[in-house]
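[1] The amino acid sequence is not available; the structure is as follows:
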């Protein structure tokens, strides 16, 4: 797997693309240093016991605790897409970016992930 469109379990689409400049992160868009993200990417769903390192924090946190704080229902938790590279959780889609893997220097390639309402003809 490589840059392109990945269908999400909730019917939306994750577009992964390489870019040459940072445009900024939003709730539905995150950016990583392309040289720091190994392919293939995996889209998975929540499993009890999973933890992550939230951006801006030094320690780890259980996903269950994040979901409880955000008052997600059990159904929402089960449908929540998670993006992994290898064993590393990169993004709790639309909720939290995980720490690290930022674009390190101007001029480095950017790996941008953004959520779209539906997948288009570029689907994988």
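    Right, received. Where do you want to start? Model, not experiment: these values are computed from the prediction.
[2] mind checking which helix or strand of this protein has the lowest mean pLDDT?
    strand 51-52 (a mean of 82; mean pLDDT, DSSP states H and E).
[3] Each with direction, which strands does that one pair with?
    strand 61-62 (antiparallel) (DSSP bridges).
[4] following the strand it pairs with, which helix or strand comes up?
    Per DSSP states H and E, the first helix or strand lying C-terminal to strand 61-62 is helix 63-69.
[5] in that following helix, what's buried?
    Buried residues in helix 63-69, counted by 16 or more other Cβ atoms under 10 Å: 63-64, 66-67. Any C-beta I mention is one placed from the backbone N, CA and C, and that applies to glycine too.
[6] any idea how far residue 98 is from the residue nearest the centre of the chain?
    When Cα atoms, centre = their mean is applied to the chain, the residue found nearest the centroid is residue 91 (2.8 Å). Relative to residue 98, residue 91 is positioned 6 Å away (Cβ to Cβ, to the nearest Å).
[7] where do the contact lists of those two overlap?
    Here residue 91 and residue 98 have no joint contacts, going by Cβ atoms under 8 Å, 6 or more residues apart in numbering.
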